[in-house]
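In: Structure of the sequence below:
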Amino acid sequence: MPDDSDSFGQEGQIDRTAIESFVAQLEEEERMLIMLQKELYENNWQAMMVDLRNRLEGRPYIFKLVNRIRDDIARIEKLEAFEQNHKVRLADLVKPPSGQEA
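Out: Just a heads-up that it's a prediction; the model follows:
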């Protein structure tokens, strides 16, 4: 868990209970998107969204992620909004499933 400064390096109040509850309720698909965002897109949600939208529109894209792109875009919007509202980086809190390396 992060200390009193959030994962973006700014000081402020963090609602740890809300963050822990949110992370605990993440679906497996959401956890995977967080890990991909961290590893493949250097913690950049927007780069990931551009990549997915390019794929949907038949333009060149970087990574083949999943067949449910529209669902992933909705998940990413939810995750990014949570990060912004709580000034936290979920990739710092979500660990890969056991048996997989980050």
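In: middle-most residue in the chain, spatially?
Out: Centroid check for the chain by CA atoms, centre = their mean gives residue 34 as the closest residue, at 3.1 Å.
In: Pull out the buried positions in stretch 76-93.
Out: Neighbour-count burial for stretch 76-93, counted by 16 or more other CB atoms under 10 Å, picks out 76, 79, 80, 82, 83, 86, 87, 88, 89, 90, 91, 93. Placement of C-beta: from N, CA and C, glycine included.
In: low-confidence ranges in this structure?
Out: Along the chain, the model assigns pLDDT under 70 to residues 1-12, 61-68, 98-102.
In: let's see 90
Out: By pLDDT under 90, the weakly predicted segments of the chain are 1-16, 39-40, 42, 51-74, 94-102.
In: For the buried residues of stretch 76-93, give me a markdown table that also has secondary structure and distance to residue 48.
Out: Output for the buried residues of stretch 76-93, formatted as a markdown table (DSSP: H, G, I helix; E, B strand; the rest coil; distance: CB to CB, whole Å):
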| residue | secondary structure | distance to residue 48 |
| --- | --- | --- |
| 76 | helix | 6 |
| 79 | helix | 10 |
| 80 | helix | 9 |
| 82 | helix | 15 |
| 83 | helix | 13 |
| 86 | helix | 19 |
| 87 | coil | 20 |
| 88 | coil | 18 |
| 89 | coil | 14 |
| 90 | helix | 13 |
| 91 | helix | 12 |
| 93 | coil | 18 |
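In: Need the max-distance pair from those residues.
Out: Greatest spacing in the buried residues of stretch 76-93, by CB to CB: 76 and 87 (17.9 Å).
In: Show the contacting residues for the residue of the chain most remote from its centre.
Out: If you look at how far each residue of the chain sits from its centre, by CA atoms, centre = their mean, the farthest one is residue 58, at 23.8 Å. By CB atoms under 8 Å, 6 or more residues apart in numbering, residue 58 lies in contact with nothing.
In: And what about it, helix, strand or coil?
Out: Using DSSP: H, G, I helix; E, B strand; the rest coil, the structure places residue 58 in coil.
In: host element of residue 46?
Out: helix 45-56 (DSSP states H and E).
In: ok, and for that helix, which residues are buried?
Out: 45, 48, 49, 51, 52, 55.
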